[in-house]
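# return atomic coordinates for the entry below.
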Amino acid sequence: MEVSVSLADDMDDALQRMEHDYHALLRGTQKAERKLLHQWFWPHLAMHFNIHLRNLGERINEGIEGNLSTMESWAITVSQTALKAQQNWIDNLPRRTARNMFPLAKCSIQFKNRTRNILLDFNRKLSIPHPSKEFFTKTLNPLPVDIRQNRENFIAGLYDLGINLESGEATRAGRARSALARMRHSTGDPRYLPDVIDFVHQYSPEQSEMDVWIFVAILHSLNPRSASGGQRRPLGIAMRNCATRSSNEARLRQLLTSDWAVLQNRLRQVVRILQQEKIALDYGKLLDDLVELRQAPVGSARAHRVHLRWAEHFLSGLEDSEAMAFTS
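Below is the predicted model:
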């Protein structure tokens, strides 16, 4: 019982510290703290706590294994409730400029690290196995299976062009080089656009996503690196890994304030830089992010989440699953 309450208190403290630290970083430019997090954590946790106590009571005579199972479920519930509270808080913050985004990303990274450490400590006390690193990266609103599969097939098709280009086999490399050249040229010469459309259509995109898929295909043609020498990285981490990191921070800030038309031009510039730096880009994650940005109203919570993810990746150099990986 005491351990259960302590876990919830520790998570609440991590939330409050995040809120306080964010407003402290922006002091002088933001209004006083609104202390919004209480309304999204404790009220939502209360019902789950009653269920946890009932389950704990029912299993108290089942032995240590049964108790541990109940405690593990409680840890998952508390953690997920805290993460949802964090997301609600972020969604309700005033969204102003890219200047606010970097302090927010810093505080969000610190919160996730504190959450990881709290769970590690809780698990050690009860000898509970650590959750997998995917624990904190579950999508709250997952895509329908067919849409997700079509996106993955499309990205795999793009990657195959890069693999064939670097295969060393004349025929394969020649076909890939020709296809990529037509994609690159389609931006300035509409005669090549039907070739890009034909390539995209074979993977059955949603009509509402069609222009984003075409754009991602063009971006890939600017940097079709197959990642044979390393890992494909999300946009923020790829930009961080450039030798020109300081100037790329300014470029990222520009991306965070760009509308769709301007964003396309600036992303082309960034992808060319990544090509020069020989950094492989994760086009699957980029496609997901750009679909969100294309469909979300400018300045909306949906767009804000994408921008925050880019800023977090740039500051931490880690993907969410890596940043939250559980190690003993």
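
# and the gap between the nearest residue in space to residue 259 that is not next to it in sequence and residue 238?
Nearest in space to residue 259, with sequence neighbours left out and distances taken as C-beta to C-beta, 6 or more residues apart in numbering, is residue 298 at 6.2 Å. The way it works is simple: take the backbone N, C-alpha and C, and place the C-beta from them, glycine included. Between residue 298 and residue 238 the distance is 24 Å, computed by C-beta to C-beta, to the nearest Å.

# hmm, back to that, A helix includes the residue nearest to residue 259, no?
No - secondary structure of residue 298 (DSSP: H, G, I helix; E, B strand; the rest coil): coil, not part of a helix.

# quick check: it touching residue 258?
No - using C-beta atoms under 8 Å, residue 298 is not in contact with residue 258; the gap is 9.8 Å.

# quick one: low-confidence parts of the stretch 1-150 of the chain?
For the stretch 1-150 of the chain, residues meeting the criterion pLDDT under 70 lie at 1, 28-36, 53-54, 56-68, 95-96, 128-141.

# angles on the backbone of residue 163, please.
phi -60, psi -40 (degrees, to the nearest 10).

# for it, which non-adjacent residue is spatially closest?
Closest residue to residue 163 apart from its sequence neighbours, by C-beta to C-beta, 6+ apart: residue 226 at 4.7 Å.

# what sits against that neighbour?
Residue 226 is in contact with 159, 162, 163, 165, 166, 280, counting by C-beta atoms under 8 Å, 6 or more residues apart in numbering.

# now do the SS call for it.
Using three-state DSSP, the three-state assignment for residue 226 comes out as coil.

# okay, it and residue 167: tell me how far apart.
As defined by C-beta to C-beta, residue 226 lies at a distance of 9 Å from residue 167.

# check residue 24 too.
Computed as C-beta to C-beta, the residue 24 to residue 167 distance reads 54 Å.

# do residue 207 as well
34 Å.

# look at the two and report which has more neighbours.
Neighbour count, other C-beta atoms under 10 Å: between residue 207 and residue 167, residue 167 has more, with 14 against 6.

# so what's that one closest to, chain neighbours aside?
Going by C-beta to C-beta, 6+ apart, residue 167 has residue 173 as its nearest residue, at 5.7 Å.

# tell me what the host helix or strand of the one you found is packed against?
Residue 173 belongs to helix 170-185 when elements are defined using DSSP states H and E. Applying 3 or more C-beta pairs under 8 Å, 6 or more residues apart in numbering; DSSP states H and E, we find helix 170-185 packed against helix 145-165, helix 193-201, helix 210-222.

# would JSON lines of these with distance to residue 302 and mean neighbour count be doable?
Listed next are the helices and strands packed on helix 170-185 as JSON lines, based on distance: least, C-beta to C-beta, whole Å; neighbours: other C-beta atoms under 10 Å:
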{"stretch": "helix 145-165", "distance to residue 302": "16", "mean neighbour count": "17"}
{"stretch": "helix 193-201", "distance to residue 302": "23", "mean neighbour count": "16"}
{"stretch": "helix 210-222", "distance to residue 302": "14", "mean neighbour count": "22"}
